[in-house]
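# here is my input; please provide its structure:
(chains A and B)
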Amino acid sequence: AQKITQTQPGMFVQEKEAVTLDCTYDTSDQSYGLFWYKQPSSGEMIFLIYQGSYDEQNATEGRYSLNFQKARKSANLVISASQLGDSAMYFCAMRVVQTGANNLFFGTGTRLTVIP
Amino acid sequence: DAGVIQSPRHEVTEMGQEVTLRCKPISGHNSLFWYRQTMMRGLELLIYFNNNVPIDDSGMPEDRFSAKMPNASFSTLKIQPSEPRDSAVYFCASSRLRSGNTIYFGEGSWLTVV
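Sure thing, here's the model as predicted:
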């Protein structure tokens, strides 16, 4: 069974500082994708970054980077130079595509608050 | 390219009424998902389709919920009869069928059943 765990219900970070949001996952599959989504108060789900299980380098997208540690089954999101607009819920998710299965499993989310 | 398009964005309905939520996936995507989000339960997968065929509907709460995908560019989620506990945000999402392909979400349909 697939499982995503986000242990930080809420996080605070000072504006312009970096913050790490934790995510661990569990799967017996060798091929999977890891995603982070941002959900601001307006409600939409915004895709941020993707890491494939076979990717050797950590993914980066602008101020977002994914600290992928495969042996530890962790996929932490690092946001550098936090901005007030980064205040939102952040969801870690995993996708496995197998015969008869194709889904995105979500963690419970971390609410990030950026303090001016 | 247009993203996933959902309608209505907001709906308030009375208990017992039928509710139909609509979704147009991104062109070329062959997987479509319906999710429900509530404060208590977070994001739950209700059902997903591959190539217009329902693959897993185990997340559909009960017989009051039904979903269809008559073609590659349209899907509906129907609740009949609706109940107050169905109040939630319903997201439609689509992607290509590979683990590395991003699942893109619509803006959600905010349903309130009174």
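# how about the residues of chain A by chain B?
Proximity of chain A to chain B (CB under 8 Å from any CB of the partner chain) is limited to residues A:31-33, A:35, A:37, A:43-45, A:47, A:50, A:52-53, A:91, A:93, A:95-97, A:100-104, A:106, A:108-109. In short, each C-beta sits where N, CA and C put it, glycine included.
# below-threshold pLDDT in chain A: ranges please.
For chain A, applying pLDDT under 70 flags the ranges A:98-102.
# which one of the residues in it is closest to chain B?
Closest contact between chain A and chain B, by CB to the nearest CB, is at residue A:45 (3.8 Å).
# which non-adjacent residue is nearest that residue?
Setting aside the residues directly before and after it, residue A:45 is nearest to residue B:105 in space (CB to CB, 6 or more residues apart in numbering or on different chains), at 3.8 Å.
# do the same with residue B:23
In space, residue B:23 is closest to residue B:92, 3.4 Å off (CB to CB, 6+ apart).
# looking at chain B, which residue is nearest chain A?
Residue of chain B nearest chain A, by CB to the nearest CB: residue B:105 (3.8 Å).
# what's the burial count for that residue?
24 (other CB atoms under 10 Å in any protein chain shown).
# next one: residue B:17
For residue B:17, the neighbour count with other CB under 10 Å is 13.
# show me what contacts it?
Neighbouring residues of residue B:17 by CB atoms under 8 Å, 6 or more residues apart in numbering or on different chains: B:81, B:82, B:113.
# quick one: buried ones out of those?
Listed as buried from these are B:82, B:113; burial here means 16 or more other CB atoms under 10 Å in any protein chain shown.
# now do the strands in chain B.
Remark: strands assigned in chain B by DSSP state E are B:5-7, B:10-13, B:19-24, B:31-38, B:42-50, B:53-56, B:65-71, B:74-79, B:88-95, B:104-105, B:109-113.
# hmm, the residue of chain B closest to chain A is touching residue B:91, no?
Yes - the pair residue B:105 / residue B:91 is scored as a contact, 5.2 Å apart, by CB atoms under 8 Å.
# still on that earlier bit, gap between the residue of chain A closest to chain B and residue B:27?
As for residue A:45, its distance to residue B:27 is 19 Å (criterion: CB to CB, to the nearest Å).
# residue A:8: what's it in contact with?
If a contact means CB under 8 Å, 6+ apart, then residue A:8 has A:21, A:22, A:110 as its contacts.
# just these now: which is nearest residue A:1?
residue A:22 (20.4 Å; CB to CB).
# check the gap between the closest one and residue A:9 for me.
Distance of residue A:22 to residue A:9, computed by CB to CB: 11 Å.
# what touches both of those two?
Residues touching both residue A:22 and residue A:9 by CB under 8 Å, 6+ apart: residue A:110.
# list the neighbouring strands of the lengthiest strand in chain A plus their orientation.
Longest strand in chain A, counting residues (DSSP E): strand A:88-98. Strand A:88-98 sits in its sheet next to strand A:33-39 (antiparallel), strand A:101-106 (antiparallel), strand A:110-115 (antiparallel), going by DSSP bridges.
# hmm, back to that, overlap of the contact sets of residue B:105 and residue B:91?
Taking CB under 8 Å, 6+ apart as the contact rule, the neighbours common to residue B:105 and residue B:91 are A:45, B:35.
# contacts only, for the residue nearest to residue B:23.
With the criterion set at CB under 8 Å, 6+ apart, residue B:92 makes contact with B:4, B:6, B:21, B:23, B:25, B:32-35, B:75, B:77, B:105-106, B:109.
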